[in-house]
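**Q** I need the structure of the sequence given here:
(2 chains)
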Amino acid sequence: MSKLQPVRGTRDIYGQLAYRHHHIIDTSFEVCRRYGYDRISTPIFEFTNVFLRSIGETTDIVSKEMYSFEDRKGESLTLRPEGTAGVVRSLISNGRFQELPLKQFYAGPMFRYERPQKGRYRQFHQIGAEYLGAEEPRSDVEAISMAFNVLQALGLDKSISLEINTLGDEDSRSAYRDALVAYFAKYKNDLSADSQMRLEKNPLRILDSKNETDKEISSQAPAFEAFLNASSKTYFENVCKGLENLGLSYVLNDKLVRGLDYYSHSVFEFVTNELGAQGTVLAGGRYDGLVQQMGGKPTPAIGWAAGIERLEMLMPDLAEDLPVTMMMPIGETTFSEAEKLMHDLRSAGHKVISDYAGNLKKRFARADKVGAKLAIILGEEELSKNVVMLKNMKTGEQDEVEINQLEKKIRENHES
RNA sequence: GCGGGUGUAGCUCAGUUGGUUAGAGCGCUGGUUUGUGGUACCGGAGGCCGUGGGUUCAAAUCCCAUCAUUCGCCCCA
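**A** Model (predicted):
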């Protein structure tokens, strides 16, 4: 046991997990492409700078959770802890500004050095969508509604709810930040140790604290609304109206603050209460300043990401959806004909697996186990007549079928 | 990074106040005579009791450490 373990916080994905994992990626992209999204894959590691400049140096992700290392040339590289930075870097590196607006969907592993827990891994996987060059409130609405449709397509819309908030524009946010610092400074000694740190680094996050005393102090804190300037306010109102127009219900949560520094205006989370502390399943927001901050032309944008492992846990078991046909040749003289038949059936698009070993009793038991719909029995008797026995595993009916009619019969069976 | 729980067969778990060859169910596998399954019956394989130390005549059982996992905090998807 102690000899060959996977690295702490990593795991192998196979069997049922693999079904779900790929189902999540396939279905979510299928939904996103209806909105005009294309796929993008950016490298799994980038220059460390890419993340320092985007995520924010004071965030926990950057300050203590990154897998950073030097390559043989001494360059500082980092395994990506999230997807947005890479997509934005790609926009800039490839000079794709003339292609804006760009809608990009990605899926893949992310890495953070955190204490592992259920639904929280050091190598975890996300699907995400970035809408670059997205200007109007309607693009926020579209991004959120697309996220909802993704969750719906996965059958999870019943177990989650949508929370939204606004962080306003830069001016509103810095005015609010100053007010919060002034307010919390008065209670500094009563705040939890964590929140005392936040006071200096990211005072907005104190609002998010789960510490009871912090919550009490926060409840009297100045509300953001008073600091939102007119344009920020209008913007957010239009987002809300847009959601209502689509019939999407949401909860306003003025304590909702995202952990990455680059967010502004709309932020949102789809949450569940079925996963304990890992209740956030999909989250995102607008990041108008990020592209410029990373050295590109000023480009408004909005995006979101979802944790595949968390979605996985909310989903029911999935089964193989291709009907399976089991080939059972009896006696070595039939083997080459069986192989030829399987080759042709597979070319015609059928899933055919074979079982050469043991008596028929065993083979039928195994055919059951893998959920075969049909079984083909090919013995010497059949071979001499140029037929096979085709058995419907569910009804138990079985008929002689001429070999040149076999593909047609199988197709008919699957269609009925 | 902090605090608590858990760690016995592939899986889910028993294992009495420390006491001979460590158990069950499921799964896997062989059989119940010839080429027909989902049932029943009878066999079989499979365990350095997470790992390393310690206490003891004797440890799966007690102590320490370590690793993994899990719950909460933190953080976030």
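**Q** quick check: A:Ala223 vs A:Tyr183, distance?
**A** According to Cβ to Cβ, to the nearest Å, A:Ala223 stands 11 Å off from A:Tyr183. Every residue, glycine included, has its C-beta placed from N, CA and C.
**Q** which of these two has more residues huddled nearby?
**A** A:Tyr183 (16 against 10; other Cβ atoms under 10 Å).
**Q** who's in contact with the more buried one?
**A** Residues in contact with A:Tyr183 (Cβ atoms under 8 Å, 6 or more residues apart in numbering) are A:Ala221, A:Pro222.
**Q** now it: which helix or strand?
**A** Following DSSP states H and E, one finds A:Tyr183 within helix A:170-185.
**Q** spit out the contact partners of the residue nearest the centre of chain A.
**A** Chain A has A:Ile127 as the residue nearest its centroid, 3.0 Å off, counting by Cα atoms, centre = their mean. By Cβ under 8 Å, 6+ apart, A:Ile127 lies in contact with A:Ile24, A:Ile25, A:Ser28, A:Phe29, A:Phe105, A:Tyr106, A:Ala107, A:Val150, A:Ala305, A:Ala306, A:Ile308.
**Q** let's go with 7 Å and repeat that
**A** A:Ile24, A:Ile25, A:Ser28, A:Ala107, A:Ala305, A:Ala306, A:Ile308 (Cβ atoms under 7 Å, 6 or more residues apart in numbering).
**Q** who's in contact with A:Pro300?
**A** Contacts of A:Pro300 were listed using Cβ under 7 Å, 6+ apart, and they are A:Gly133, A:Ala134, A:Glu135, A:Asp288.
**Q** repeat the analysis, applying 6 Å as the threshold.
**A** Counting by Cβ atoms under 6 Å, 6 or more residues apart in numbering, A:Pro300 touches A:Ala134, A:Glu135, A:Asp288.
**Q** ok, and the most crowded of those?
**A** Neighbour max across these (other Cβ under 10 Å) = A:Ala134, 23 neighbours.
**Q** give me the phi and psi angles of that residue.
**A** Dihedral pair for A:Ala134: phi -100, psi 110, per degrees, to the nearest 10.
**Q** thought A:Ile377 was touching A:Leu390?
**A** No: with contacts counted by Cβ atoms under 6 Å, A:Ile377 stays clear of A:Leu390, the gap being 8.0 Å.
**Q** CA atoms of the least confident helix or strand in chain A by mean pLDDT as PDB?
**A** One helix or strand of chain A scores below all others by mean pLDDT, DSSP states H and E: helix A:60-64, with a mean of 77. Extracted as PDB, the C-alpha positions of helix A:60-64 are listed here (Å, rounded to 0.1, in the frame of the first residue of the first chain):
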ATOM      1  CA  ASP A  60      -4.300  32.400  -1.400                       C
ATOM      2  CA  ILE A  61      -4.100  30.700  -4.700                       C
ATOM      3  CA  VAL A  62      -1.000  32.600  -5.700                       C
ATOM      4  CA  SER A  63       0.500  33.100  -2.300                       C
ATOM      5  CA  LYS A  64       0.400  29.500  -1.100                       C
END
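**Q** surely A:Leu322 forms part of a helix?
**A** No: counting by DSSP: H, G, I helix; E, B strand; the rest coil, A:Leu322 is not part of a helix but coil.
**Q** ok, and the closest non-adjacent residue to it?
**A** If you skip the residues right next to it in sequence, A:Leu322 has A:Lys351 as its closest partner in space, 4.4 Å away by Cβ to Cβ, 6 or more residues apart in numbering.
**Q** from A:Phe29, how far off is the one you found?
**A** Counting by Cβ to Cβ, the gap from A:Lys351 to A:Phe29 is 23 Å.
**Q** so for these two, which residue has more residues nearby?
**A** Per other Cβ under 10 Å, whichever of A:Lys351 and A:Phe29 has more neighbours is A:Phe29, with 19 against 15.
**Q** quick one: secondary structure of the more buried one?
**A** A:Phe29 ends up helix, using three-state DSSP.
**Q** next, the contact list for it, please.
**A** With the criterion set at Cβ under 6 Å, 6+ apart, A:Phe29 makes contact with A:Phe105.
**Q** RNA strand B versus that one, what's the distance?
**A** Applying Cβ to the nearest atom of the strand, to the nearest Å, the value for A:Phe29 to RNA strand B is 17 Å.
**Q** so for that residue, what's the pLDDT?
**A** pLDDT for A:Phe29: 98.
**Q** one step back: now do the buried residues in the least confident helix or strand of chain A.
**A** Neighbour counts over helix A:60-64 (16 or more other Cβ atoms under 10 Å) mark A:Asp60, A:Ile61, A:Val62 as buried.
**Q** is the helix or strand that the helix holding A:Tyr183 is followed by positioned near RNA strand B?
**A** Next along the chain after helix A:170-185, taking DSSP H and E as the criterion, comes helix A:193-201. Yes: contact of helix A:193-201 with RNA strand B (Cβ under 7 Å from any atom of the strand) involves A:Asp194, A:Arg198.
**Q** pop the domain breakdown of chain A in here.
**A** In terms of domains, chain A is parsed into A:16-169+A:229-314, A:324-415 (source: automatic domain parsing).
**Q** measure the longest one end to end?
**A** Taking Cα to Cα, to the nearest Å, the span from the opening residue of domain A:16-169+A:229-314 to its closing residue is 13 Å.
**Q** can you confirm A:Ala129 is in a strand?
**A** Yes: with three-state DSSP as the criterion, A:Ala129 is part of a strand.
**Q** run through the bridge partners of it.
**A** Judged by DSSP bridges, the bridge partners of A:Ala129 are A:Phe105, A:Trp304.
**Q** what number of residues lie near it?
**A** 27.
**Q** got the contact list for it?
**A** Residues near A:Ala129 by Cβ under 6 Å, 6+ apart: A:Cys32, A:Phe105, A:Gly303, A:Trp304.
**Q** save the residues you listed as CSV, and put in neighbour count too.
**A** Below are those laid out as CSV (neighbours: other Cβ atoms under 10 Å):
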residue, neighbour count
A:Cys32, 24
A:Phe105, 23
A:Gly303, 25
A:Trp304, 24
